[in-house]
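only geometry, no sequence info:
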């Protein structure tokens with residue numbers, strides 16, 4: 001565990017006194033381990049190994065001269081040209097994070113060298129670009145607590161440590177009590193390593209903004225929350241981050257370890273720090289380090305372990321976040337609402353809703369109203385409509401969606417009411433009587449095109465009949481709906497020959513299920529999986545005029561995010577199949593052919609590989625086209641909004657603009673790993689200098705993070 005670093009270095013120092021050769025092998029082994037971790041991109045573990053190396057100087061195993069030289073070589077990376085800033089950031093952060101362990105003794109033995117080392121780090125921090133910071137802030141405002149870049153925050157904490165003569169109150173230092181023994185050992189020179197050069201495709205840890213929620217005034221009387229600029233706060237939080245990373249698979253044990261983390265002072269409110277760390281990771285941008293459900297499940301375990309304090313601390317945290325929700329990043333608002341709905345589902349949906357009564361006084365598009373709405377929609381998904389309607393106060397029911405029902409177009413009981421109702425009745429009877437799919441398709445194809453739609457390339461009435469009648473008949477459960485999609489897939493493929501037909505089909509489906517939002521989300525995903533519709537059609541439908549009124553609703557963006565996930569899953573599957581086929585061909589070629597057999601390999605496997613390569617290329621082309629369409633439509637929507645009559649400043653201050661621009665950044669940040677290969681294409685075709693600077697600025701924050 002990270003908090004036990006000094007225990008192991010003390011033991012190694014004592015062994016070095018008894019066996020100098022062991023000490024040399026131990027130091028060489030640490031240097032090799034550090035180099036290997038850098039080569040494999042295991043940067044989190046490399047940070048820990050570097051701290052062990054640094055602390056070995058305290059236990060008289062490594063000379064401070066060789067340690068300083070070692071760190072200077074690492075910091076030379078910050079002067080390299082044409083490399084990602086994330087690479088330079090990591091090397092500066094790794095060296096700076098060692099200062100709590102070695103600062104005091106290095107200051108006593110090599111004060112001038114320490115000063116130069118710190119000046120070098122400060123020089124880098126001063127000249128590094130920080131355009132990306134705005135995009136990574138969970139809370140956009142510094143009132144009441146500053147939300148700092150992780151490197152700036154650590155520098156402030158190290159500066160405070162320096163002003164305190166490098167004396168901290170957290171790290172165990174057993175070697176101080178054994179100084180008279182350890183000092184008898186001989187030091188070793190640390191082997192100097194050259195950091196691996198940067199290569200195209202290398203990935204480095206992304207920067208982050210330190211999430212701050214609690215101040216000392218929020219904590220119980222008598223407790224002592226370490227100040228934000230103190231090194232003790234960094235040391236505790238860093239250990240908690242690593243504990244979550246290492247133990248998250250056993251959430252019960254993880255919760256116990258978090259709440260029993262050893263601190264130097266008994267009055268430190270650990271429950272507040274743990275809550276801040278957990279919620280900070282849950283909402284971390286561009287995405288959570290671990291699956292979001294893990295944080296929800298672990299928080300529940302924390303409440304079980306220390307129910308007396310954790311429930312109260314969590315309630316305070318949610319209340320504070322509600323007060324600051326106007327400044328919350330759009331992506332973080334969605335994650336927070338989703339988690340809180342899940343949390344409430346484990347406590348019978350009980351909450352002090354009246355404390356949020358001010359959300360009733362604002363516009364429905366206001367973040368506070370949107371936050372409450374999303375929580376209640378999440379609760380309905382995890383329960384059922386009437387249950388949630390019972391537990392919330394009467395006046396909060398304005399945030400509930402309409403009670404789920406199907407909005408059918410055709411009234412088959414009154415055939416004369418609408419054009420197409422007679423045909424709808426015929427289709428209804430054919431499906432009810434379990435007629436052959438071919439016969440049902442014939443009936444639908446016989447439906448004449450309405451006079452008002454003579455100019456369209458397809459017959460919209462045929463699609464409406466299928467959706468409102470056939471899908472409506474199977475709408476009782478997901479099982480019924482999935483069975484309908486499989487049974488009538490030939491009809492769907494026949495009706496949806498082009499993109500316009502698919503867009504109209506999706507809109508018709510949405511009209512039927514507009515009051516059953518989750519059903520629509522699941523159906524679109526199933527249609528994509530069955531390849532009955534294209535991803536580009538889903539994107540164009542979401543940005544169509546018919547969906548403009550629903551543009552700010554979260555379930556629409558869930559559909560878009562799910563579409564991206566479905567396409568990326570297809571790419572991954574095609575890639576895995578291709579690699580497996582290539583390995584099989586290589587294995588066949590490497591094997592000795594049996595005696596008398598044809599030495600030339602069978603062409604069937606090579607043909608299969610070529611087919612898989614084509615499928616992989618198609619999936620990549622589909623993914624690229626999807627992202628181009630998404631961001632082209634975003635830019636078109638923003639441009640139309642800015643060109644509306646009125647002042648431009650008012651347009652960018654509207655709730656629509658803030659929500660929409662937030663959703664574009666949400667898509668960029670959440671899928672940065674998928675979008676990164678297409679950055680140059682996006683900059684050439686979509687985010688060009690010709691578009692409005694306000695739109696371009698939103699993209700530039702993401703681009704700065706990737707560079």
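Cool, got the structure. Every value quoted in this text rests on a predicted model; they were computed, and no experiment measured them.

same for whichever strand or helix holds residue 665, what does it pack against?
Under the criterion of DSSP states H and E, residue 665 resides in helix 655-670. Here helix 655-670 touches helix 330-345, helix 554-590, helix 603-642, helix 693-706, going by 3 or more C-beta pairs under 8 Å, 6 or more residues apart in numbering; DSSP states H and E. (Each C-beta comes from the backbone N, C-alpha and C, glycine too.)

just those helices: most buried one?
Comparing the helices and strands packed on helix 655-670 by mean neighbour count (mean count of other C-beta atoms under 10 Å), helix 330-345 ranks first with a mean of 22.

What angle do helix 554-590 and that one make with each other?
Angle of helix 330-345 versus helix 554-590, following axes from the mean of the first three to the mean of the last three C-alpha atoms, to 10 degrees, is 100 degrees.

quick one, the helix or strand just after helix 330-345 and helix 330-345 angle?
Using DSSP H and E, the helix or strand that follows helix 330-345 in sequence is helix 367-382. Here helix 367-382 points in a direction 50 degrees away from that of helix 330-345 (the same axes, to 10 degrees).

Find the nearest non-adjacent residue to residue 499, please.
residue 537 (5.1 Å; C-beta to C-beta, 6 or more residues apart in numbering).

For residue 4, grab the count of nearby residues.
11 (other C-beta atoms under 10 Å).

Check for me that it belongs to a helix.
Yes. Looking at residue 4 with DSSP: H, G, I helix; E, B strand; the rest coil, it is inside a helix.

Reformat the helices and strands packed on helix 655-670 as a markdown table; add distance to residue 138 and mean pLDDT.
Formatted as a markdown table, the helices and strands packed on helix 655-670 follow (distance: least, C-beta to C-beta, whole Å; pLDDT from 0 to 100):
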| stretch | distance to residue 138 | mean pLDDT |
| --- | --- | --- |
| helix 330-345 | 5 | 95 |
| helix 554-590 | 18 | 88 |
| helix 603-642 | 22 | 88 |
| helix 693-706 | 14 | 87 |
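
what about the ones you listed, which gets the closest to residue 180?
Closest to residue 180 of the helices and strands packed on helix 655-670 is helix 693-706 (C-beta to C-beta; 51.0 Å).

So which elements touch the helix or strand hosting the residue nearest to residue 499?
Assigned by DSSP H and E, residue 537 belongs to helix 535-542. Counting contacts by 3+ C-beta pairs under 8 Å, 6+ apart, helix 535-542 packs against helix 499-513, helix 517-529, helix 554-590, helix 603-642.

which residues are contacting stretch 257-275?
3, 169-170, 213-214, 218-220, 222-226, 232-233, 236-237, 239-240, 243-244, 247, 302, 305-306, 309-310, 313-314, 317 (C-beta atoms under 8 Å, 6 or more residues apart in numbering).

Please report how far residue 468 lies from residue 483.
18 Å (C-beta to C-beta, to the nearest Å).

Neighbour count: the two, which is higher?
Neighbour count, other C-beta under 10 Å: between residue 468 and residue 483, residue 468 has more, with 24 against 12.

Check the residue nearest the centre of the chain and give its pLDDT.
For the chain, residue 287 is the residue whose C-alpha lies nearest the centre (C-alpha atoms, centre = their mean; 2.1 Å). The model reports residue 287 with a pLDDT of 90.

For my notes, confirm it occurs in a helix.
No. Membership of residue 287 in a helix is not supported by three-state DSSP, which gives coil.

Just give the nearest non-adjacent residue to it, would you?
residue 670 (5.7 Å).

before we move on, the earlier item: quick one, which of the helices and strands packed on helix 535-542 gets closest to residue 282.
helix 554-590 (16.9 Å).

which helices and strands does the closest one pack with?
Packing contacts for helix 554-590, counted by 3+ C-beta pairs under 8 Å, 6+ apart, involve helix 367-382, helix 517-529, helix 535-542, helix 603-642, helix 655-670.

so where do the helices sit in the stretch 401-550 of the chain?
421-432, 437-445, 460-465, 472-473, 478-487, 489-495, 499-513, 517-529, 535-542 (DSSP state H, counting those that start in this stretch).

Could you name the helices and strands sitting against the fourth one?
So that's helix 472-473. Applying 3+ C-beta pairs under 8 Å, 6+ apart, we find helix 472-473 packed against helix 421-432.

Now do the helix it packs on and helix 437-445, the angle between them.
Using the same axes, to 10 degrees, helix 421-432 lies at 170 degrees relative to helix 437-445.

residues of helix 421-432 that come out buried?
Neighbour-count burial for helix 421-432, counted by 16 or more other C-beta atoms under 10 Å, picks out 421, 423-428, 430-431.

Could you export those residues to CSV, including columns for distance to residue 321?
Output for the buried residues of helix 421-432, formatted as CSV (distance: C-beta to C-beta, whole Å):
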residue, distance to residue 321
421, 51
423, 53
424, 49
425, 53
426, 55
427, 50
428, 50
430, 54
431, 49
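
got these as TSV, with distance to residue 178 and pLDDT columns?
What follows is the buried residues of helix 421-432, written out as TSV (distance: C-beta to C-beta, whole Å; pLDDT from 0 to 100):
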residue	distance to residue 178	pLDDT
421	91	78
423	91	80
424	88	84
425	92	87
426	92	87
427	87	88
428	87	88
430	89	90
431	84	90
